[in-house]
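A.B. asks: build me a structure from this.
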Amino acid sequence: QVQLVESGGGLVQAGGSLRLSCAASGRTFSSYGMAWFRQAPGKEREFVVMISKTGGAVYYADSVKGRSTISRDNAKNTVYLQMNSLKPEDTAVYYCAASGRGSTMRAQEYDYWGQGTQVTVSS
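C.D. replies: Residues are numbered from 1 along each chain as shown. Sure, this is the predicted structure:
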């Protein structure tokens, strides 16, 4: 069992930055590929970015590519998402997820999910 707790969300003006964190507890963190998904009101949950077990591979959705950076610290059991140049369309609940399969962008292949953290970007 893995527990994931996100933090770092909040209200920010367009063009601003936020750093989301996801702290994991339970089984070996380095055994899991990690990802961030988001869900805006009235929309389906969508993939944002993923990072492999060792951090050697990352993949970003086009919507955040060039504006966001994912990283992980396996010693601290934490994954981070630095988001810059935020836009109103980035407003959503951001979820951290862990997959025993490693590197995947498919939500159904993630075994554990956090409770989410709200990101609101004002125009």
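A.B. asks: helix/strand/coil for the residue positioned nearest the centre of the chain?
C.D. replies: Note on the chain: the residue nearest the mean C-alpha position is residue 36, at 2.3 Å, using CA atoms, centre = their mean. Three-state call for residue 36 (DSSP: H, G, I helix; E, B strand; the rest coil): strand.
A.B. asks: for it, what are its contacts?
C.D. replies: Taking CB atoms under 8 Å, 6 or more residues apart in numbering, we find residue 36 in contact with 20, 22, 48, 49, 50, 70, 79, 81, 94, 95, 96, 97. Where you see a C-beta, it was placed from the backbone N, CA and C, and this is true even at glycine.
A.B. asks: which one of those residues has the most neighbours?
C.D. replies: residue 79 (30 neighbours; other CB atoms under 10 Å).
A.B. asks: may I have the helix or strand containing it as PDB, with CA atoms only?
C.D. replies: Element membership for residue 79, per DSSP states H and E: strand 78-83. C-alpha atoms of strand 78-83 as PDB (Å, rounded to 0.1, in the frame of the first residue of the first chain):
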ATOM      1  CA  THR A  78       8.700  12.900  -2.900                       C
ATOM      2  CA  VAL A  79       7.900  14.000  -6.400                       C
ATOM      3  CA  TYR A  80       7.600  17.600  -7.400                       C
ATOM      4  CA  LEU A  81       5.900  19.600 -10.200                       C
ATOM      5  CA  GLN A  82       7.200  23.000 -10.800                       C
ATOM      6  CA  MET A  83       4.800  25.000 -12.900                       C
END
